[in-house]
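1. I need the structure of the sequence given here:
(chains A and B)
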Amino acid sequence: MTNNNSGSKNEEEVGSYFLEVARGAHKKKEEEMEEDTEDEESPTELNTINSSGGFLVVSTDKMSVKYTSVNLHGHDVGVVQANKPAPVKRLVYYFEIYVKDSGAKGQIAIGFTTDNFKMRRQPGWEPHSCGYHGDDGLLYRGQGKGEAFGPTYTANDIVGAGINYASHEFFFTKNGTVVGTVYNDVKGSLFPTIAVHSQNEEVHVNFGQKPFAFDLEDFEKQERMRQQMTVEKISLPPNVSHGIVRSYLLHYGYEETLNSFDMASKTTVPPVHIAQENGFDEQDIMYALNERKTLRQLIKNGEIDAALGKLHDWYPQIVQDDKSATCFLLHCQKFIELVRVGALEEAVKYGRIQLAKFFGLAGFEDFVQDCVALLAYEQPRESSVGYLLEDSQREVVADAVNAMILSMNPNLKDSHGCLQSGLERLLRQLTACCLERRSLNGDQGEAFYLHRVLNIGKKC
Amino acid sequence: MSLFWIVIRQLAEIEAMATSKKVITKEEWEKKLKDVKIRKEDMNKLVMNFLVTEGYVDAAEKFRLESGTEPDIDLATITDRMAVKKAVQSGNVEDAIEKVNDLNPEILDTNPQLFFHLQQQRLIELIRNGKVEEALEFAQEELAPRGEENQSFLEELEKTVALLAFEDVSNCPVGELLDISQRLKTASEVNAAILTSQSHEKDPKLPSLLKMLIWAQNQLDEKAAYPRINDLSTAKLEDPAV
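-> Next up, the predicted model:
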């Protein structure tokens, strides 16, 4: 360690924290994709391997099934499951069948069963299964007897079965309308299942490849609104949002925004009063507001030399170790700015002097490689390392410097506080709570993603 | 002292086991928090959304410059919206109606309830200013015909006119209509209607997220003991309440 003043441990922590943020920036796009699908496979076709062969025939496209023999008893049902269990990390799973032919008796069923289901029985007749039967309109769920549920269904009807993970319910539809819901107490993976049980019964299945008769999107919207209503009933302390926004502006040194915000808050009717009891924390984030603002502006404008100069004058401790993460990020940014304006020769020169020493240093290497890679492209903005030229990259560097200065505060109460704003801590807590709750709930239901919430309601 | 805490802890653990709650220590929880990815630009968007929806137009403009975050609405429309809001807040209802119609005449055309509430507010202001004759005329000519169309409008109209029957409104059972809160209520109704007409959500997202946090923590309480955040303004992580 070249740096042995008392704050060095703290500085190291701040530096490496933002180095990680900078390196994580380019993964953004991939993550967004992940959020949407959550990496779960959905059913796409019928499983021909475990179906009750002999009684039924599955079509070659694996999307329809027909009972070809003559049924004699209760153990020769033609049952077929989907090739994959219903995905769980979502609000709702749903699929539909179309009854092409109701055959001799119309003993068709739709429902959900588990992996080890007896494939010669109707869904709902055996434990850990659930089925809505066409001939009597009854719902069966593990007991011998069915319960009154919905209308019967027959040829030309479209019938759907779904799992609502938020309310822990199965629901069934007929021709686009919900006929009923029932509590889902089955543990384990659930396979979409259909059954036919009399001669010539024929059923086509739709796992979402074709539009559903049922308006699933609207159903999901209603369900979300129901949840939202419950949440909206919770009351908040007065002006708490206002206070959180204010401390966010303070934390990141958005001083001019803060001034306008405070000015406007005084003139609103009624004026906004922020409780001052948390003055302690405010002390932490008030520190060096003007200096932090100035540095942020310089970095945001790409004036890295000027920012380095100011840092030398105001906080020499921060820049005295030329191999610290903060210096590294600033030197990289300077290099990026040179590439941005097309001063490639100068960029090469600067890289040799300031960046070469970081090659081979754990933690720095990936990022410095990305920076240098900018030189390889005629259109660096369109390249795989184009993220470096985005404004958000400047913001990361500005945030790193900002946090570094906050950590210089001799009266610092909470050393963690300089890394994350109160808003960020709240959002992390929210995300972690939702994830933890889901994992204690058999992984069922939607997770919380800030990004998704921000995009809801945009131009609808 | 230390023995005391050991006993407390053991009791807590026994209790936790009895209810089969999972106990998550602060260290474990902090690791989970660390693994969460929150993007700076998303937080900036959230803050911008608050500034814009709440009508902090200057701050929104500054924030756009300082953080590079683009607002999700044309900032010029905020100024107009805030002018309407302010007019209602300060009792210039006629002025407010004119401004809303300048902005988009469809807002009041398609929203009879809002229009009625604005007219009602106008009546309240006339009564406040002691213009009894004018108030009566306005009530009979403008408001009563609308009351005939809608029973709830009629009830509200009658309640408002009742203000005239009292010399000392501070003792009047409908005196709250003269309160500043009535103006704020009407103002926020107009504000919401304008935002909706601009296909923007009428409430900022931040308060909903805070409510969601409280809700999510309460839900998780049923299954686990973990470090909560009890004070939203400090966002301080408490020790697991076991």
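
2. Tell me how many other residues crowd A:K174.
-> A:K174 is flanked by 21 other residues according to other C-beta atoms under 10 Å in any protein chain shown. For every residue, glycine as well, the C-beta is placed using N, CA and C.

3. Please apply the same query to the one 4 residues further on.
-> For A:V178, the number of neighbouring residues by other C-beta under 10 Å comes to 14.

4. cool, the one 10 residues further on as well?
-> Around A:G188 sit 10 other residues, with neighbours defined as other C-beta under 10 Å.

5. ditto for A:A104
-> Per other C-beta under 10 Å, the neighbour tally for A:A104 reads 14.

6. Same check on A:E382?
-> By the criterion of other C-beta under 10 Å, A:E382 has 9 neighbours.

7. SS state for the residue positioned nearest the centre of chain B?
-> Most central in chain B under C-alpha atoms, centre = their mean is B:D203, positioned 6.3 Å from the mean C-alpha point. Recorded secondary structure, B:D203: coil (DSSP: H, G, I helix; E, B strand; the rest coil).

8. Nearest spatial neighbour of it, chain-adjacent residues omitted?
-> Spatial nearest neighbour of B:D203, excluding adjacent residues (C-beta to C-beta, 6 or more residues apart in numbering or on different chains): B:T53 at 6.7 Å.

9. What distance do you get for the one you found to chain A?
-> Distance of B:T53 to chain A, computed by C-beta to the nearest C-beta, to the nearest Å: 10 Å.

10. what's that residue in contact with, if anything?
-> Counting by C-beta atoms under 8 Å, 6 or more residues apart in numbering or on different chains, B:T53 makes contact with B:L195, B:H200, B:E201, B:K202, B:D203, B:P204.

11. one step back: quick check: pLDDT value at the residue nearest to the centre of chain B.
-> With respect to pLDDT, B:D203 scores 89.

12. Tell me how far the residue nearest to B:D203 lies from A:M263.
-> 18 Å (C-beta to C-beta, to the nearest Å).

13. Give the rounded mean pLDDT of stretch B:100-107.
-> 93.

14. Give the buried residues for it.
-> For stretch B:100-107, burial by neighbour count (16 or more other C-beta atoms under 10 Å in any protein chain shown) applies to B:V100, B:L103, B:N104, B:I107.

15. Return the distance of the nearest residue to B:K26 once chain neighbours are set aside relative to B:Q217.
-> Excluding the flanking residues, the one nearest B:K26 by C-beta to C-beta, 6+ apart is B:P227, at 5.1 Å. In this view, B:P227 and B:Q217 are 10 Å apart by C-beta to C-beta.

16. List the contacts of residue 100.
-> Unless you meant another one, I'm taking chain A. A:S64, A:A155, A:E202, A:V203, A:H204.

17. hm, I was asking about chain B
-> B:V84, B:I107, B:L108, B:V190, B:A193, B:I194.

18. so which of these is the most crowded?
-> Per-residue neighbour counts (other C-beta under 10 Å) across those peak at B:V190, which has 27 neighbours.

19. Run through the neighbouring helices and strands of the helix or strand hosting that one.
-> Assessed by DSSP states H and E, B:V190 sits inside helix B:180-197. Helix B:180-197 makes packing contacts with helix B:75-89, helix B:93-103, helix B:106-109, helix B:112-128 when contacts are defined by 3 or more C-beta pairs under 8 Å, 6 or more residues apart in numbering or on different chains; DSSP states H and E.

20. Put the alpha carbons of the first one into CSV.
-> Spelled out, that is helix B:75-89. Extracted in CSV, the C-alpha atoms of helix B:75-89 (Å, rounded to 0.1, in the frame of the first residue of the first chain):
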residue,chain,number,x,y,z
LEU,B,75,-41.5,20.5,-19.5
ALA,B,76,-43.5,23.4,-20.9
THR,B,77,-46.7,21.6,-20.2
ILE,B,78,-45.8,21.5,-16.5
THR,B,79,-45.7,25.3,-16.3
ASP,B,80,-49.3,25.4,-17.7
ARG,B,81,-50.5,22.7,-15.4
MET,B,82,-49.0,24.4,-12.4
ALA,B,83,-50.6,27.7,-13.4
VAL,B,84,-54.0,26.0,-13.3
LYS,B,85,-53.3,24.4,-10.0
LYS,B,86,-52.1,27.6,-8.5
ALA,B,87,-55.2,29.5,-9.7
VAL,B,88,-57.5,27.0,-8.0
GLN,B,89,-55.3,27.0,-4.8
